[in-house]
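J.: Turn this into a model:
(2 chains)
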2 protein chains.
Amino acid sequence: MDKLKELYKKLELIRIYGHAMGVVGFDFETSVPKKAMENESETMAFLSNEAFKISKSKAFEKLVIELYQEVDSLDYLDQVLVKDLYESYLKNKNITPKMDLKFSKVYNQAYIDWLTAKKENNYKKYVPSLKKVIEVSKKKIELRDNHFDDIYDEMLNDNEKGLLQEDLDKFFDELKEGLITLLNKIKNSKKKIRTDFLRRQAPIYKQETFSKYLLELNGFDFDRGYLSTTEHPFTLPLAKDDARVTTHYYEDMVMSNIYSIIHEGGHAILMQNEPDEDYAHYINDNVSNGKHESVSRFFENIIGRSKAYVHLIYPKFQEVFDEFRDVSEQEFYEAINVVEPSLIRTEADEVTYGLHIVIRYEMEKLLTSGKLQVKDANKKWNELYKEYLGIKPKNDSEGILQDVHWTSGFGYFPSYALGNAYNAMYLKEFKKEYDFDEVVSKGDFKTINNWLKEHVFKEANHLDSKEWIKKITNKDLTAKDFIEYLNEKYKDIYDL
Amino acid sequence: MDKLKELYKKLELIRIYGHAMGVVGFDFETSVPKKAMENESETMAFLSNEAFKISKSKAFEKLVIELYQEVDSLDYLDQVLVKDLYESYLKNKNITPKMDLKFSKVYNQAYIDWLTAKKENNYKKYVPSLKKVIEVSKKKIELRDNHFDDIYDEMLNDNEKGLLQEDLDKFFDELKEGLITLLNKIKNSKKKIRTDFLRRQAPIYKQETFSKYLLELNGFDFDRGYLSTTEHPFTLPLAKDDARVTTHYYEDMVMSNIYSIIHEGGHAILMQNEPDEDYAHYINDNVSNGKHESVSRFFENIIGRSKAYVHLIYPKFQEVFDEFRDVSEQEFYEAINVVEPSLIRTEADEVTYGLHIVIRYEMEKLLTSGKLQVKDANKKWNELYKEYLGIKPKNDSEGILQDVHWTSGFGYFPSYALGNAYNAMYLKEFKKEYDFDEVVSKGDFKTINNWLKEHVFKEANHLDSKEWIKKITNKDLTAKDFIEYLNEKYKDIYDL
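T.: Numbers count the residues shown, from 1 in each chain, chains lettered A, B, ... in the order given. Below is the predicted model of the structure:
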């Protein structure tokens, strides 16, 4: 018991540094002026390194090793904690604080270079940084005493424990086939969907009003969270009672902002509803990206793009945006579900979205194995878009430079596709208990969020992804439910 | 030389903690959600304490003491630095890091309680915190081996080195007399000034546009700074290239926001134009509050409320705010200079403003000496308003709770009045070289800011206030120039 207490004390210190780093990181992506970015990124690296130093101290490592030896005698949540810490201990065993600081600086610099490269539409400016990121990410793995032979397997495992290329190849094949079959059917449909208003302009202050309305409607608690703006929207848990949502307003992307807000709000709702005990046991940051994306995309797509939800928000939408007076509820619903191969992942519809992920998955494999050179990656990117989506980016800003993720390494992208698969699987469970359309069209988010809390969030910090989805659905990971969900939905929309 | 190098290394570490603390502090006042405030204030206290620990380490103290012994052999800027550090060393000699942490928490909690008390218009909720702030502030001074007999003198000296009650009593008497004489003349004037539009509404997004225009016009560099919103506007230097300006938009306070922005922008322009060498020598934070307020109020009043400046901004004002179509340039100019005793300091005109400060100065003396109990301070506040301004607050939110300053102790308020005196003094110097009206009406802020840089900012980090104003103007502190400036200005406006 004394050892645990001592461990908690050190974890509290690490948490404070993490909190400071989180706040500075949030500032870095939302507020910092151009010429202060480098300075601020150094401060972030410093704070992160101070936390790392604590976890690398002899005293801390001794506690972790000793507690791991008696892990079976601990309470369930402490078992989760100690196993997790032991795993981190093994992963970081041969990384010194000095090396860690060097690595942090590489990732932070990559972010700055990516921003510039994207703004200037100049992939070349990003190449040296991206190269370094890949080197450093590989190096971090090679320093481990044990790791999967294939380095990309290890990266995937870091992101979504237990899921390796073998599983994902199978999963993506299943997904690809389902998506392409459906996409072809849709291409042959005679249905005309009105889309002329999708890029219609509306002032930003109206979008701000509507964004707040949506977040509150879906159950986001503004006393425990905050909405801000950034270049590349994200959501960050800064503290137990502090979930930060960000968005980027453009006057001619009203619809896009609506779904970005609902998506990020989904992340925040998970953060605001994790079990209190998880926070008390320092395991609140354990939810994998795939699980997280399952929730954000549950809100964005399964709820947000449903007929019931459009019915729910349409009156307020009309009240706020007189720019869209001539758009009927049905036209709104169809337009936000129109299927059309496009270049930007975050703007993609539910059918083509998965293909954007397939492309990134293939790119990551090629780049990690060295079969593709970083300097040629933009060309390869464009070729894959041509192959899978039949369109080609005109420039790198709408091509390989569109996403921020690679500035901190590989392995995140599959999470989006896994999220779709997971949430389609647990949607089925929800429907066994409730009439989905009725609950959503009434705006009864109490019921929805309580159900998620009880079934989806409850063990999200404790179990690995395979165990977790099995516990919720009694099934193993599959793309079938997602494909089935899409087929059912689009049958109606496109008269298939 | 080696000692200096070693000192610099430690100062760099302190600077990084200070930077992190600054960013978290900025977040605390602009973004943090309600329920996360306490947590975040603890993180701030922690960071501040880590920096304090470095400055309290044996190694650091030894360096400071040894360098102080050979201070005359150092370069000028290092002399400033070492003298400053030695003074801090003496002040903090008997304060342990543990005590420092306790003190920080008192100030941070006071801020939270003040916010609540103000929002709920409940002075009682603030009383315990304010009491503790006074106790702690006194205790910090009593712990010094040497200090002025009168504790308030020491507080004043901490804020504006060299200026004690003896000086300020004399200064405020001179000021009071001049202001009251002028105020009486104005009260007897028959001049009618149109003010019906002062609380007219305009949407916040228009105010945002206009705020950015004003900051840019005055020379604020957005590549090295940022504008955000908060409860109680302030400006914070986060890093060399990162000056943060804040404001609070209200739909019915367009004019008020304009002058708040110009004021805060003034602080930022000083921050953005301090000598680079000062930053390199770790003395960039030495500008006293009085000097800082002299600059912000130079922009707000001497420039901002001049006829020439109104002439300069009026066309853009008309372009942005069609709500004010019927207001002529002359009406704008007169309205923002109307003299009218009022309750809120930050909304006060240039004539009555000084009386708000006199009241606070007297309150601080009474509260520090114990002649006034904190629990009765709101009543006393209201009595003094009745006495000096002839009006009485209806409640404490528009009375004693209006200002944030006391959450971090006493001694700041006199700076505002000193600022007015300083800038009226150096305005005379400026006018010896340039035609003020011509330069301002042309919007030639290059000339203005260069002149300030060369004369006002240059030694602001190096000299104490007395030496500094003497160096700029060849005179000792006086309220005369300010009174003269006001008389000249208001003669025209009120046909005196």
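
J.: Which residues are in contact with the residue of the stretch 301-450 of chain A found nearest chain B?
T.: Closest approach of the stretch 301-450 of chain A to chain B (Cβ to the nearest Cβ) occurs at A:Val320, with a separation of 14.0 Å. No exception for glycine: its C-beta is placed from N, CA and C like everyone else's. Counting by Cβ atoms under 8 Å, 6 or more residues apart in numbering or on different chains, A:Val320 touches A:Lys206, A:Thr209, A:Phe210, A:Tyr213.

J.: contacting residues around the closest residue to it other than its chain neighbours?
T.: Excluding the flanking residues, the one nearest A:Val320 by Cβ to Cβ, 6 or more residues apart in numbering or on different chains is A:Phe210, at 4.9 Å. For A:Phe210, the contact set (Cβ under 8 Å, 6+ apart) comprises A:Ile258, A:Lys316, A:Phe317, A:Val320, A:Phe321.

J.: ok so the third one is a helix residue?
T.: The reference is to A:Phe317. Yes: A:Phe317 forms part of a helix when assessed by DSSP: H, G, I helix; E, B strand; the rest coil.

J.: and it, how many residues sit next to it?
T.: 20 (other Cβ atoms under 10 Å in any protein chain shown).

J.: For it, give me the pLDDT.
T.: pLDDT recorded at A:Phe317 is 98.

J.: Provide a list of residues in contact with the residue of the stretch 151-300 of chain A at minimum distance from chain B.
T.: Of all residues in the stretch 151-300 of chain A, A:Asp242 sits closest to chain B, at 3.6 Å by Cβ to the nearest Cβ. Applying Cβ under 8 Å, 6+ apart, we find A:Asp242 in contact with A:Arg224, A:Gly225, A:Tyr226, B:Val32, B:Pro33, B:Lys35, B:Ala36, B:Asn39, B:Glu40.

J.: which one of those residues is nearest A:Gly178?
T.: Nearest to A:Gly178 out of the contacts of A:Asp242 is A:Gly225 (Cβ to Cβ; 35.8 Å).

J.: What's the local residue count around the residue lying closest to that closest one once chain neighbours are set aside?
T.: Leaving aside its chain neighbours, A:Gly225 sits nearest to A:Ala243 (4.1 Å; criterion: Cβ to Cβ, 6+ apart). If you count neighbours by other Cβ under 10 Å, A:Ala243 ends up with 27.

J.: Kindly report the same for the one 10 residues further on.
T.: The local packing of A:Met253 (other Cβ under 10 Å) involves 19 other residues.

J.: what secondary structure does the spatially closest residue to it that is not a sequence neighbour sit in?
T.: Among residues not flanking A:Met253 along the chain, A:Arg199 sits closest, at 7.1 Å (Cβ to Cβ, 6+ apart). Counting by three-state DSSP, the backbone at A:Arg199 sits in coil.

J.: now swap in A:Leu238 and tell me
T.: What three-state DSSP gives for A:Leu238 is strand.

J.: Look up which helix or strand the residue lying closest to A:Leu164 once chain neighbours are set aside falls in, please.
T.: Spatial nearest neighbour of A:Leu164, chain neighbours left out: A:Asp153 (4.5 Å); criterion: Cβ to Cβ, 6+ apart. In the assignment (DSSP states H and E), A:Asp153 maps to helix A:151-159.
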